[in-house]
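Colleague: this one's sequence-less:
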């Protein structure tokens, strides 16, 4: 069964870039073949403006015990004090706008080619504002969210211009709702302003386009904006807003923004903490609460109850479908079965800071999270039960239970009344880096004039029984390749280490110079469809040097497996993961298994681009 175990290979949340960078060294005065190494530890890697943190260096294999020298880079105004050969105090500038990163470097005195660095994130005063959706029509609403950092209060006051065009309502210290007037004679740009209550000189704006007619009912806005966590950039995370309601209710609802749009998984997963008090009644199995485990390839996972909900997005509704409400049980980590957690407590991604999002909207090519090529791996029909669903309260030794299709987390698209056979994702082109980028998520394929597959210029790739196609790159045949908007880069097997991996961001590449003019051939494993894709891999350190200004990176890439593809073409090393950079500048279609797409002879599931 193909579940989330591969879809989030590159869910690399740049958590304030607080990472340690290790480098090799030469012999110095140590015995031949035993290099000097430096390890660093900081009392805190995330501090406020005007604060300090202590950093300690431990030097191994230095027979002279000479220790290190210290240096810094980052925002002006920072300083190093209490300097010794083994420790130092970093003092952040008194004032920082938004968030900045300082790099403190220790250099071996015995061998100056040996260094190591620690990154310190400095939170200063800042404010950000998001509007969702950003394009509306008469009488439609846009949800506003403000985030204030570095102030004694996180509250804001709201205003907008033109002040006589529409209204603000449901105002709180951090949220509001803008509603357009009932009659709009011409397209108008509305600027919404949030002003800090702690410092009225601190403000930020967001713009909303109000058109004369409502946007198409099957189109949702998606945005790459760094994610919902203050002081943290989610690189190449594309997000959408969804309204979740008690089944049958139009008032007992919660609107949740910053759900990761993912063509590599299936179903809606939302953090319980972001439901704003909405309580959904969980599904039961033999009188016990049904829980879901979504596992990632890196050992991390999401855990929580399964509950039916009405899901509203754009003008579409999926009525009473099972969704995954992500939250640890009250018993804590010990109550999560080891078959889910693999015994790794740090793998639990059940909170906003760890996940970097408020949830995941899986709109990939399967109708259910346990189904693949028409076979369901959780209802017992396949002869075994995958470790996905559990009847709880649970213990570490609990085993998975058979779960019927009707109770499994469901791709919301298949439950729409119409426009239910797939999705279309469209983004403009992005160069090396951009602050934000906006796109659209259109529901249905060949169901309306805005989701039609063009008669030429687009290749349809039928997927095989593992929802894969082939990629040929640098002489490698990679038959388990896939498109995944939930991955944040091009992730490529590199068994011969032809591309340098970053020492500080080991999930990404840092070539000495940009790898321009890269090409790969994509081909269906089922039909003769094929095409050539051009792309570029940049040095990640250079890309991230713009942190925290940029959230979109069109040339981000990293390694995907370290061994040569073998074993009949299976495994991570046989996959080219075409992540979100692939979607920039393209319109990409995803047709769901078992669905019918009019005027298309290729059987589903398929991707087209």
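Modeller: On my side now, so go ahead. If you're wondering where the values come from, they're calculated on a predicted model, not measured in any experiment. Numbering: from 1, shown residues only.
Colleague: Now residue 404: closest residue in space, sequence neighbours ignored.
Modeller: Of all residues not flanking residue 404 in the chain, residue 379 sits nearest, at 5.5 Å (CB to CB, 6 or more residues apart in numbering). In this view, the C-beta of every residue, glycine as well, is placed from N, C-alpha and C.
Colleague: Could you say which helix or strand holds the one you found?
Modeller: Take DSSP states H and E as the rule and residue 379 turns out to sit in neither a helix nor a strand.
Colleague: how far away is it from residue 351?
Modeller: In this structure, residue 379 and residue 351 are 31 Å apart, going by CB to CB, to the nearest Å.
Colleague: out of these two, which sits in the busier spot?
Modeller: Between residue 379 and residue 351, counted using other CB atoms under 10 Å, the more crowded position is residue 379 (19 against 14).
Colleague: count of residues packed around residue 493?
Modeller: 25.
Colleague: so it sits right up against residue 476, yeah?
Modeller: Yes. The pair residue 493 and residue 476 qualifies as a contact (CB atoms under 8 Å) at a distance of 6.3 Å.
Colleague: Now the common contact residues for these two.
Modeller: Among the neighbours of residue 493, those also in contact with residue 476 (CB atoms under 8 Å, 6 or more residues apart in numbering) are 564-565.
Colleague: Can you tell me the SS state at residue 542?
Modeller: helix (DSSP: H, G, I helix; E, B strand; the rest coil).
Colleague: Now tell me what touches the helix or strand hosting residue 145 from outside.
Modeller: Taking DSSP H and E as the criterion, the element that holds residue 145 is strand 141-149. For strand 141-149, contacts defined as CB under 8 Å, 6+ apart pick out 98-99, 123-134, 136, 154-156, 158, 174-180, 192, 194, 196, 198, 202, 204, 206, 208, 228, 230-231, 241, 255, 257.
Colleague: burial count for residue 495?
Modeller: Applying the criterion other CB under 10 Å, we find 14 residues in the vicinity of residue 495.
Colleague: Now do the contacts for it.
Modeller: For residue 495, the contacting residues are 561-564, 573, taking CB under 8 Å, 6+ apart as the criterion.
Colleague: Which one (most neighbours) among those?
Modeller: Neighbour count (other CB under 10 Å) singles out residue 573 as the most crowded of those, with 21 neighbours.
Colleague: What ranges in the stretch 251-400 of the chain fall below the confidence cut-off?
Modeller: Along the stretch 251-400 of the chain, segments meeting pLDDT under 70 span 328-334, 343-346.
Colleague: can you give me the helices for it?
Modeller: For the stretch 251-400 of the chain, helices defined by DSSP state H, counting those that start in this stretch occupy the ranges 338-341, 352-355.
Colleague: Dump those helices into a markdown table; add mean neighbour count and distance to residue 218 as well.
Modeller: Output for these, formatted as a markdown table (neighbours: other CB atoms under 10 Å; distance: least, CB to CB, whole Å):
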| stretch | mean neighbour count | distance to residue 218 |
| --- | --- | --- |
| helix 338-341 | 20 | 35 |
| helix 352-355 | 19 | 27 |
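Colleague: Of all those, which one is nearest residue 321?
Modeller: Residue 321 sits nearest to helix 352-355 of all those, at 21.3 Å, using CB to CB.
Colleague: can I see the domain layout of the chain?
Modeller: When the chain is parsed into structural domains using automatic domain parsing, the resulting residue ranges are 13-123, 125-217, 237-417, 424-608.
Colleague: what's the least confident stretch among those domains?
Modeller: Set side by side, the domains of the chain show their lowest mean pLDDT on domain 13-123, which sits at a mean of 78.
Colleague: now that one, how far from the centre of its chain.
Modeller: Domain 13-123 has its C-alpha centroid displaced from the chain centroid by 29 Å (CA atoms, centre = their mean, to the nearest Å).
Colleague: what's the answer for stretch 565-576, then?
Modeller: Using CA atoms, centre = their mean, the mean C-alpha position of stretch 565-576 is found 24 Å from that of the whole chain.
Colleague: buried sites along that stretch?
Modeller: Within stretch 565-576, the residues scored as buried using 16 or more other CB atoms under 10 Å are 565, 569, 572-576.
Colleague: quick one: terminal-to-terminal distance for it?
Modeller: Distance across stretch 565-576, first residue to last, is 11 Å (CA to CA, to the nearest Å).
Colleague: hey, what's the residue nearest to residue 261 when sequence neighbours are not counted bridged with?
Modeller: Beyond its immediate neighbours in the sequence, the residue positioned closest to residue 261 (CB to CB, 6+ apart) is residue 238, lying 4.7 Å away. Residues found in beta-bridge contact with residue 238 (criterion: DSSP bridges) are residue 224.
Colleague: so residue 401 makes contact with residue 385?
Modeller: Yes. With contact taken as CB under 8 Å, residue 401 and residue 385 are classed as touching, separated by 7.1 Å.
Colleague: Thanks a lot, see you next time.
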